[in-house]
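Trainee: Provide a 3D model corresponding to the input given below.
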Amino acid sequence: MSENTEDFNYRIIEAVEQKAQWFDSTELPKLQEDYRLHLTCVRNLFDALIKRSLINEDPYKKDKKISSIVPPESGEFNDNERALTLGIRLSDYESMLDFICNYMKFSVEQLSMDKIKKLVELNNSFTWNNLSPNSNKPNTKALAVVVNDLRTNAPQMILSLIKDVTFKSTQALNEINEGLKNLADFQRERYKIEVRKNILMNPHFNKAQAYDSAGTIITEIKRLFPTCMDKKPLAMDLIGEIAAEEAGADKANRQAALLQKLQVEVKKSKKQENTVDTHEILMDALRTLGTTSEQYDLVLNKIMTNHEVLQSEHNSFMDKIKQLFRKMFGLAEPAVDYDVTLVDSKTGANRKEKIHFTEFTTSLSKRIKYYGSFSMKGSPGANRLGSQDDKTNLDFLNRQMIDNNHLMALLGALDEYFKNTATPQDRGKIKGIKMELTSIKNIIVKTNQIRAEYVAYIEEAEQLKRLGIVDNA
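Mentor: Numbers count the residues shown, from 1 in each chain. Model (predicted):
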């Protein structure tokens, strides 16, 4: 082995380690956010289809335990089975997305080639960019039919929802599949690095004989592979690539191309003030705020479940008598109020606040739909905000930040209330929301950072203007 070859191996190992860090810190978190966006879209569409009775809920959904990625069934079924079969398959798809978003770790180590293949297979369960009743895929065909039925005589809100769901899902899955393809390519290089580390750099590797040609390198790798690669499969195509990179006639070109391929692109910040698009910065802050809709949706589902658990405890004889009288006389169920305790983060002082539960959840549901409408660039909601002047949007954003801080405090207090109020036998049924509130808080912090960046640019521009310094470049 020549000195140049040894140097290349050390350089390529370092490049792969840096690329892995980039995937873990930059690319894979973005991939997870894309999955979360798609999950929100699927849930919104699923709920709309259920409400119109176009599909049926899966009666066994809560009994299904998920431990690995498995796409929904994809076989043929009759039209008279559509509501039930599609309902189950779409429910399975939504559950799998939920598992991916909330229980699967997005890291280079965890996303093996096998998992990547399963994710791609799951992504292809429905053809979101072409929902056609003429599709040759049973699931896509059935979904297209019920979506067309959903459009019939639908209000504008539902039509916007359908457009939003298909647009966002198509865009999210395109980015996901592109990211998974890049990750799969990188995993191949990681496999090759393992071979280089464990075999080519192994003291038992016969360097003098192996480097006569690419063929002898392959022979020597195959000889040591069973004892050095810990039951990993022998991928002859990748072994061939290693041999060509080490001893092929065009090895210099191959090595240069590989190092270039593994290079992490560092985006250079724009220093010139006149290149900063302050309007786009503000829109980015609004869109970032909009992504809280997914976490708020998870929170809403959990607090509704917790509310039902607490209400089920009021099942005494007198409770039943009261319910009977209300039914007989057509009286509405009494409003439910929860007295929660808020803690001032600065002083530690406690104060009580009453939550009118129905009013509270209705308001939260409206917030989820509204935020979701402008969470994606190019969506109708984002375009509407983009057409407004920046002062209007900044005022709106400032109000939302205040509202969200108060809302999170209320939700945190409500979470404690449910946990402390439920009877011992029901306490295990209460679903905590701390994880979702942490995610929302992180999004709010990020939104605030972008807002601060926007305000800093605007204030600087105003100050320069007052000083008579105007950049006309």
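
Trainee: all strands of this structure, in order?
Mentor: Secondary structure of the chain (DSSP state E): strands located at 337-343, 350-356.

Trainee: quick one: closest of these to residue 35.
Mentor: Counting by C-beta to C-beta, residue 35 lies closest to strand 350-356 out of the strands of the chain; the figure is 31.9 Å. Just so you know, the C-beta spots here come from the backbone N, C-alpha and C atoms, and that holds for glycine as well.

Trainee: gap between the closest one and the chain center?
Mentor: For strand 350-356, the distance from its own C-alpha centre to the chain's C-alpha centre is 33 Å (C-alpha atoms, centre = their mean, to the nearest Å).

Trainee: restrict it to CA atoms and write it as CSV.
Mentor: Presented in CSV, the C-alpha positions along strand 350-356 are these (Å, rounded to 0.1, in the frame of the first residue of the first chain):
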residue,chain,number,x,y,z
ASN,A,350,-49.7,30.7,42.4
ARG,A,351,-53.0,32.0,41.0
LYS,A,352,-56.2,30.2,40.0
GLU,A,353,-57.8,30.4,36.6
LYS,A,354,-61.0,28.8,35.3
ILE,A,355,-60.9,26.8,32.0
HIS,A,356,-64.3,26.5,30.3
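
Trainee: re the thing from before, mean neighbour count, the strands of the chain: which tops it?
Mentor: Highest mean neighbour count of the strands of the chain: strand 337-343, a mean of 15 (counted as mean count of other C-beta atoms under 10 Å).

Trainee: run through who's touching that one.
Mentor: For strand 337-343, contacts defined as C-beta atoms under 8 Å, 6 or more residues apart in numbering pick out 349-357, 409-410, 413-414, 416-417.

Trainee: can you do 10 Å?
Mentor: 303, 307, 310, 349-360, 406, 409-418, 420-421 (C-beta atoms under 10 Å, 6 or more residues apart in numbering).

Trainee: now, the residues you listed that are in helices?
Mentor: Counting by DSSP state H, the part of the contacts of strand 337-343 found in helices is 303, 307, 310, 357-360, 406, 409-418, 420-421.

Trainee: need the strands of the chain in a markdown table with distance to residue 193, can you?
Mentor: Shown next, in a markdown table, are the strands of the chain (distance: least, C-beta to C-beta, whole Å):
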| stretch | distance to residue 193 |
| --- | --- |
| strand 337-343 | 51 |
| strand 350-356 | 55 |
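
Trainee: out of these, flag the one nearest residue 174.
Mentor: In terms of C-beta to C-beta, the element of the strands of the chain nearest to residue 174 is strand 350-356, at 41.1 Å.

Trainee: mind listing what the closest one pairs with, with the direction of each?
Mentor: Applying DSSP bridges, strand 350-356 is found paired with strand 337-343 (antiparallel).

Trainee: ok, back up a step: just the buried residues of the ones in helices among the contacts of strand 337-343.
Mentor: 303, 307, 310, 357, 360, 409-415, 417-418 (16 or more other C-beta atoms under 10 Å).

Trainee: ok, so of those residues, who is nearest residue 159?
Mentor: Out of those, the member with the shortest distance to residue 159 (by C-beta to C-beta) is residue 360, at 28.4 Å.

Trainee: for the closest one, give me its contacts.
Mentor: With the criterion set at C-beta under 10 Å, 6+ apart, residue 360 makes contact with 300, 303, 307, 336, 337, 338, 354, 407, 410, 411, 414.

Trainee: pretty sure residue 158 sits against residue 151.
Mentor: Yes. Between residue 158 and residue 151 there is a contact under C-beta atoms under 10 Å: 7.5 Å.

Trainee: for the two, indicate the residue with more neighbours.
Mentor: Each of residue 158 and residue 151 has its neighbours counted (other C-beta atoms under 10 Å); residue 158 has more, 17 against 12.

Trainee: adding mean pLDDT and distance to residue 49, write the strands of the chain out as JSON lines.
Mentor: Shown next, in JSON lines, are the strands of the chain (pLDDT from 0 to 100; distance: least, C-beta to C-beta, whole Å):
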{"stretch": "strand 337-343", "mean pLDDT": "91", "distance to residue 49": "32"}
{"stretch": "strand 350-356", "mean pLDDT": "92", "distance to residue 49": "30"}
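
Trainee: residue 22: which of these is closest?
Mentor: strand 337-343 (40.3 Å).

Trainee: show me the shaky parts of this structure.
Mentor: 1-5, 265-275, 314-327, 329, 331-334, 345-346, 467-473 (pLDDT under 70).

Trainee: which helix in it has the most residues?
Mentor: Per DSSP H, the chain has its longest helix at helix 156-195.

Trainee: quick one: that one to chain centroid distance?
Mentor: 10 Å.

Trainee: may I see the buried residues of it?
Mentor: Going by 16+ other C-beta under 10 Å, helix 156-195 has these buried residues: 158, 160-162, 164-173, 175-177, 179-180, 183-184, 186-187, 189-193, 195.

Trainee: same check, this time on stretch 243-257
Mentor: Result for stretch 243-257 [16+ other C-beta under 10 Å]: buried residues 243, 244, 245, 246, 247, 248, 251, 254, 255.

Trainee: what two of the residues you listed are the furthest from one another?
Mentor: 243 and 255 (12.7 Å).

Trainee: cool, thanks, signing off.
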